[in-house]
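Trainee: Structure, please.
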Amino acid sequence: MSQFLNSLNEKTKIKFRELGPGILICVTIAAAAGLLSANYGAPHMLFALLLGIAFNFLAEEKRSEMGIEFSAKTLLRFGVALLGLRITIDQVLDLGVDTVILLIGGVILTLVFGILASKILGRRARFGVLTGGAVAICGASAALAIASILPKSKLGERDTIFTVIAVTSLSTIAMVLYPLLTAFLELDNRTSGIFIGGTVHDVAQVIGAGYIISDEAGDFATVTKLFRVAMLVPVVLVLSAIFRSKNKRSSPEPLPIFIIGFCVLVALNSSGLIPEGIQIILIDTSRWCLVTAIAALGIKTSLKSMMTVGFQPVTVIFLETLFIGIWILGGLYVLR
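Mentor: Residues are numbered from 1 along each chain as shown. All right, here's what the predicted structure looks like:
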């Protein structure tokens, strides 16, 4: 027994030496991004990404390479799984059947539209799936989750980073413009909240835009957005099944572990079994895992490769954003 414990302890030390430096770098960048975000009011993830890109030279450093890779993949999936603590089944039921159908239709059609737009503009379907999922579901978090189950590609990480930058930027712009649009259209609080929650990409910007209008609009926006976050599960499951044969794995998983974790946590959160204090801690942990993963992806990305993206990807994401906005707004007018 003593020999086994000594062996385990030695393996832990070796693993820590391999992963520690890279993880510490990514966490430090995430913390610095948090300070900048608090001072300047810009999205935490966007700062983490930009700071990470500035430290791209560390991606070639042998001592930090494994830890950065661990942060970009394992911490990412752990953070996505913990997102399940933000959702309950009751929240979804409060929206009503018509609204739920409208939101589900928006997610599916935006994905399809993204694939078609990508092909028309000379990009691969993979890029349309990635950007369409990010726009339709929950911005940067969805982009990271979907990227983790797509077939491996030489340009995969560059496409993911670009998608994160684009959806975060557009989400910030929407946070400012959409409340003005709802006021111009004279929408009531409930309709305004559902429109904001059904169209803005990232959760933080949804909350910001919703509560700019009113507390009631903010509440509806938050619940609507969390339903879109919940759509991450079926979307990733379907995409995983479609692309599984293309992923080069010796023993492909029928169901990604982090998605199982997401579903379990939604169920536990809905049942009220998780104490509020622990829930808050785990939600904060999820946010930090995702921000740390974004910092790692930034480190792995060179500006030189980003400059070769071209105008087509920008056009694809802009058109997807426009499409889901028109779909949700048109649907809400029909349902009024």
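Trainee: Okay, and the closest residue to Ile207 other than its chain neighbours sits in which element?
Mentor: In space, Ile207 comes closest to Thr222 once its chain neighbours are excluded; the distance is 5.9 Å by C-beta to C-beta, 6 or more residues apart in numbering. C-beta here means a position set from N, CA and C on the backbone, and glycine is covered the same way. Applying DSSP states H and E as the criterion places Thr222 in helix 215-230.
Trainee: name the helices or strands packed onto that helix?
Mentor: helix 89-94, helix 97-120, helix 189-199, helix 203-213 (3 or more C-beta pairs under 8 Å, 6 or more residues apart in numbering; DSSP states H and E).
Trainee: Just the CA trace of it, in CSV.
Mentor: Coordinates of each C-alpha in helix 215-230 appear next as CSV, following Å, rounded to 0.1, in the frame of the first residue of the first chain:
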residue,chain,number,x,y,z
ASP,A,215,-35.7,44.5,-14.6
GLU,A,216,-38.6,42.6,-16.1
ALA,A,217,-37.0,42.6,-19.6
GLY,A,218,-33.7,41.5,-18.0
ASP,A,219,-35.4,38.5,-16.3
PHE,A,220,-37.0,37.4,-19.5
ALA,A,221,-33.8,37.9,-21.5
THR,A,222,-31.8,35.8,-19.0
VAL,A,223,-34.2,32.9,-19.0
THR,A,224,-34.5,33.0,-22.8
LYS,A,225,-30.7,33.0,-23.1
LEU,A,226,-30.3,30.1,-20.7
PHE,A,227,-32.7,28.1,-22.8
ARG,A,228,-30.4,28.8,-25.8
VAL,A,229,-27.5,27.6,-23.7
ALA,A,230,-29.4,24.4,-23.0
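Trainee: if we can go back for a sec, compute the distance between the residue nearest to Ile207 and Thr131, please.
Mentor: With distances taken as C-beta to C-beta, to the nearest Å, Thr222 is found 24 Å from Thr131.
Trainee: Tell me which of the two has more neighbours.
Mentor: Thr131 (32 against 20; other C-beta atoms under 10 Å).
Trainee: Could you check how far the more buried one is from Gly330?
Mentor: 22 Å.
Trainee: How about Ala59?
Mentor: Taking C-beta to C-beta, one finds Ala59 at 44 Å from Gly330.
Trainee: higher neighbour count, the two?
Mentor: More crowded of Ala59 and Gly330, by other C-beta under 10 Å: Ala59, with 18 against 11.
Trainee: The more buried one and Ala296 touch, don't they?
Mentor: No - the criterion here is C-beta atoms under 8 Å, and Ala59 misses it with Ala296 at 9.2 Å.
Trainee: joint contacts of the two?
Mentor: Ile68 (C-beta atoms under 8 Å, 6 or more residues apart in numbering).
Trainee: per-residue confidence for Thr110?
Mentor: As summarised for this prediction, Thr110 has a pLDDT of 94.
Trainee: Apart from its neighbours in sequence, what residue is nearest the residue nearest the centre of the chain?
Mentor: Nearest to the mean C-alpha position of the chain, by C-alpha atoms, centre = their mean, lies Ser141 at 1.0 Å. The shortest distance from Ser141 to any non-neighbouring residue, by C-beta to C-beta, 6+ apart, is to Leu290 (6.0 Å).
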